[in-house]
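Q: this one's sequence-less:
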């Protein structure tokens, strides 16, 4: 479903990345108990991400078997959605195992390029991108899901058409793709400025 974004990030298993993006879109669309929820997932380079972050509360995922913490485990999805309401982000292994929740990302980088108007989750993801090989998936409280990789914004998923003119932050020429009710924006590597 997210092929245009998946081709931007080739170092991780596309099935794991697609499942994680799908979960992020669910959180963006559903929120929790009638209110919008924002959160952050860091996929890959888990040892470095864990070393450059710290728990904000007792980790709700600690001590559970790996099979229970896999992104495709339907029983886990509700736990992740509940935990997304809490501060901090999630650390996920390249194999799709949730390693930790409610993490404060400590990485600081001097030269991150985050578009104006994006908040602290996006800055934290960009800072961590600058010092690790991890991919950042950010669910904004405005319901937009953004993917940060290689120190830059590489994709935006906008769940509702009315948000299109106000939510997009990708710079330069943009490829626009409709998948069901979602609009997916990625950098356009071709000669056209906007394709539909």
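A: Looks like it came in fine. What you see is a predicted model, and the numbers here were worked out from it, not measured in a lab. Numbers count the residues shown, from 1 in each chain.
Q: only C-alpha atoms for contact and neighbour calcs from this point on.
A: OK.
Q: And the closest residue to residue 128 other than its chain neighbours, how far from residue 179?
A: Distances taken as C-alpha to C-alpha, 6 or more residues apart in numbering place residue 107 nearest to residue 128, at 5.3 Å, with adjacent residues excluded. Taken as C-alpha to C-alpha, to the nearest Å, the spacing of residue 107 relative to residue 179 amounts to 34 Å.
Q: what's the answer for residue 92, then?
A: On the measure of C-alpha to C-alpha, residue 92 and residue 179 end up 26 Å apart.
Q: Check the residue most central in space within the chain and give its pLDDT.
A: Residue closest to the mean C-alpha point of the chain, counted by C-alpha atoms, centre = their mean, is residue 137 at 1.0 Å. In this model, residue 137 is scored at 94, pLDDT.
Q: Return the distance of the helix or strand containing it from the chain's centre.
A: Element membership for residue 137 (DSSP states H and E) is strand 135-139. Put simply, strand 135-139 sits 2 Å off its chain's centre (C-alpha atoms, centre = their mean, to the nearest Å).
Q: which residues are contacting it?
A: 21, 24-25, 27-28, 37-44, 121-122, 125-126, 129, 145-150 (C-alpha atoms under 8 Å, 6 or more residues apart in numbering).
Q: rerun that using 6 Å as the cut-off
A: 38-43, 125, 145-149 (C-alpha atoms under 6 Å, 6 or more residues apart in numbering).
Q: residues contacting residue 22?
A: Residue 22 neighbours (C-alpha under 6 Å, 6+ apart): none.
Q: List the beta-bridge partners for residue 138.
A: residue 40, residue 146 (DSSP bridges).
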